[in-house]
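**Student:** A predicted structure for the sequence below; I have some questions about it.
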Amino acid sequence: ILNVEQSPQSLHVQEGDSTNFTCSFPSSNFYALHWYRWETAKSPEALFVMTLNGDEKKKGRISATLNTKEGYSYLYIKGSQPEDSATYLCALNSTGNQFYFGTGTSLTVIP
Amino acid sequence: DTGVSQDPRHKITKRGQNVTFRCDPISEHNRLYWYRQTLGQGPEFLTYFQNEAQLEKSRLLSDRFSAERPKGSFSTLEIQRTEQGDSAMYLCASSLELVNYGYTFGSGTRLTVV
């Protein structure tokens, strides 16, 4: 079992603030890192799939970076909106067959 | 194709009863996965299928759990003699063989054992 850690566990920000979370993982046997957004009562939604050291991905106001050598990824949200409120999960894929999920960061954006 | 669907959305059962959940993946996805999420934890891998073959099972999947994907399409997860510790969200996901495409998840089945 691979230990994937996310911090902080929860976060409350004001609308318009920018924020970021961290996902830490063992750097050995890295294959891919995935970010998901999970809104209450919905299914987790894939945000990014990152495979290469130094990868930077962007989707609207959300972006992510990857450092496979030191074993971390950052997710950034610029100008948070209430609709960004969700749990953000990262998942490490090291064997190609299963993912190891972190416990998630719960984001609440206060209007 | 409307994505991955799971049925039922919620299930309340008495301890000792058997329950069965169903997952219908995206039709062109040949891989299907079951995960379980308990309170305060991230999803934990249970098992996965490539077409109809069950290729990997977690140690979390005790003898009371069985999963099938008989024709390589929908899958069922059965829990026999449920225990209170089985209370969790059971998530199904499907993907193409190249996992770099990521998973498409269903909305999950929330099981409560009373």
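**Tutor:** Perfect, I can see it now.

**Student:** pretty sure B:His29 contacts B:Thr104?
**Tutor:** Yes: contact criterion Cβ atoms under 8 Å: B:His29 and B:Thr104 qualify, at 7.1 Å. All C-beta atoms are positioned from the backbone trio N, CA, C, and that covers glycine.

**Student:** ok, what's across the strand from whatever residue of chain A ends up closest to chain B?
**Tutor:** Nearest residue of chain A to chain B, counting by Cβ to the nearest Cβ: A:Phe101, 3.3 Å away. As for beta bridges, A:Phe101 partners with A:Ala91 under DSSP bridges.

**Student:** what about the strands in chain A?
**Tutor:** A:5-7, A:10-14, A:19-24, A:32-38, A:45-50, A:56-59, A:62-67, A:72-77, A:86-93, A:99-101, A:105-110 (DSSP state E).

**Student:** so what sits against both of B:His29 and B:Thr104?
**Tutor:** Taking Cβ atoms under 8 Å, 6 or more residues apart in numbering or on different chains as the contact definition, B:His29 and B:Thr104 share the neighbouring residues B:94-95.

**Student:** Would you mark the buried spots in stretch A:38-47?
**Tutor:** A:38, A:43-44, A:46-47 (16 or more other Cβ atoms under 10 Å in any protein chain shown).

**Student:** Those residues: which ones sit near chain B?
**Tutor:** A:43-44, A:46 (Cβ under 8 Å from any Cβ of the partner chain).

**Student:** What is the burial count for residue 3?
**Tutor:** As the question left the chain open, I've gone with chain A. 10 (other Cβ atoms under 10 Å in any protein chain shown).

**Student:** looking at chain B here, not the other one
**Tutor:** If we define neighbours as other Cβ under 10 Å, then B:Gly3 has 13 of them.

**Student:** Isn't it up against A:Glu45?
**Tutor:** No: judged on Cβ under 8 Å, B:Gly3 makes no contact with A:Glu45 at a distance of 10.3 Å.

**Student:** mind checking how far the residue nearest the centre of chain B is from chain A?
**Tutor:** Chain B has B:Trp34 as the residue nearest its centroid, 3.3 Å off, counting by Cα atoms, centre = their mean. Distance of B:Trp34 to chain A, computed by Cβ to the nearest Cβ, to the nearest Å: 10 Å.
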